[in-house]
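Enquirer: no sequence on this one, just coordinates:
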């Protein structure tokens with residue numbers, strides 16, 4: 001792979017990065033040992049040019065020395081065992097505290113001079129010139145249309161659809177949601193399963209859009225939108241003997 005100028009995005013497997021064209025991102029350390037870390041390990045192992053070398057957590061949460069057959073080291077000492085000039089890092093922390101915890105952890109990793117890896121599934125449908133920012137994950141069958149922007153440290157779950165000219169802010173978590181054209185999502189927002197955001201709508205910062213919600217107008221910072229849950233019918237299923245025949 002030809003080395004490119006530092007000011008130009010370069011291609012490393014399925015991602016674009018704004019950093020220089022060195023090869024240290026081949027080996028990465030994943031921060032976390034819970035569900036999101038398990039998913040990240042699977043994706044990076046089976047669908048990326050990266051090799052997961054180890055996991056790391058804060059020393060207070062280090063319970064086992066191994067996870068997924070790899071060493072787990074205290075974050076306080078991770079640079080000694082897996083130096084940042086030879087390894088990148090992916091912060092696999094969920095949407096706790098409206099994504100604030102993941103943002104803070106990513107900043108701590110960068111303070112240790114780790115370059116943050118990103119992942120774009122080979123099965124995702126993304127524009128050819130999409131710029132992928134640090135610590136972003138775009139899962140399989142997600143659709144990112146041309147001229148859309150995905151901010152740093154954001155997670156786009158499987159089957160999400162991001163319309164033309166839409167802008168997902170930094171530190172967001174999008175769970176299989178549908179966005180129309182020219183939608184703006186404020187930083188630190190969470191959009192739940194099968195939520196729909198109409199075209200040209202702007203969501204404020206730290207919005208929580210619940211599963212199945214329909215948002216047709218702009219929102220303010222810190223707002224919560226919920227959909228109504230389905231209620232059980234008064235008719236019991238055993239009263240429908242011919243259902244499905």
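Expert: Done, it's in. The structure presented is a predicted model; accordingly, all values stated were derived computationally and were not measured.
Enquirer: And residue 102, which helix or strand is it part of?
Expert: Using DSSP states H and E, residue 102 sits in helix 100-111.
Enquirer: Please apply the same query to residue 56.
Expert: Going by DSSP H and E, residue 56 is part of strand 51-57.
Enquirer: now residue 71
Expert: Assigned by DSSP H and E, residue 71 falls in strand 70-74.
Enquirer: That strand pairs with which strands, and in what direction?
Expert: Applying DSSP bridges, strand 70-74 is found paired with strand 51-57 (parallel), strand 66-67 (antiparallel).
Enquirer: Would you point to the one among the ones you listed that's packed deepest?
Expert: strand 51-57 (a mean of 21; mean count of other Cβ atoms under 10 Å). For the C-beta atoms, the positions are set from N, CA and C on the backbone; glycine is no exception.
Enquirer: Pull the distance from it to the chain's centre.
Expert: Distance, stretch centre to chain centre, for strand 51-57: 18 Å (Cα atoms, centre = their mean, to the nearest Å).
Enquirer: And for that strand, what's in contact with it?
Expert: Strand 51-57 is contacted by residues 26-33, 37, 41, 44-45, 67-68, 70-75, 78, 81-82, 87, 89 when judged by Cβ atoms under 8 Å, 6 or more residues apart in numbering.
Enquirer: domains for this structure, by residue range?
Expert: 10-117, 120-226 (automatic domain parsing).
Enquirer: With mean pLDDT and distance to residue 233 as added columns, please give those domains in a markdown table.
Expert: Listed next are those as a markdown table, based on pLDDT from 0 to 100; distance: least, Cβ to Cβ, whole Å:
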| stretch | mean pLDDT | distance to residue 233 |
| --- | --- | --- |
| domain 10-117 | 89 | 33 |
| domain 120-226 | 98 | 18 |
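Enquirer: Between the ones you listed, which one is closest to residue 240.
Expert: domain 120-226 (24.8 Å; Cβ to Cβ).
Enquirer: Pull the contacting residues for the closest residue to residue 222 other than its chain neighbours.
Expert: Leaving aside its sequence neighbours, residue 222 sits nearest to residue 206 (Cβ to Cβ, 6 or more residues apart in numbering; 5.0 Å). Contact analysis of residue 206 by Cβ under 8 Å, 6+ apart lists 98, 186, 187, 188, 189, 221, 222.
Enquirer: And the helix holding residue 102, what does it pack against?
Expert: Here helix 100-111 touches strand 88-91, strand 115-116, going by 3 or more Cβ pairs under 8 Å, 6 or more residues apart in numbering; DSSP states H and E.
Enquirer: can you pull the contacts of the most centrally placed residue in the chain?
Expert: Taking Cα atoms, centre = their mean, the centroid of the chain lies closest to residue 155, which sits 1.7 Å from it. Neighbouring residues of residue 155 by Cβ under 8 Å, 6+ apart: 95, 136, 137, 139, 172, 173, 174.
Enquirer: switch to 10 Å and redo it
Expert: Counting by Cβ atoms under 10 Å, 6 or more residues apart in numbering, residue 155 touches 36, 39-40, 92, 94-95, 99, 102, 119, 135-139, 168, 171-175, 190.
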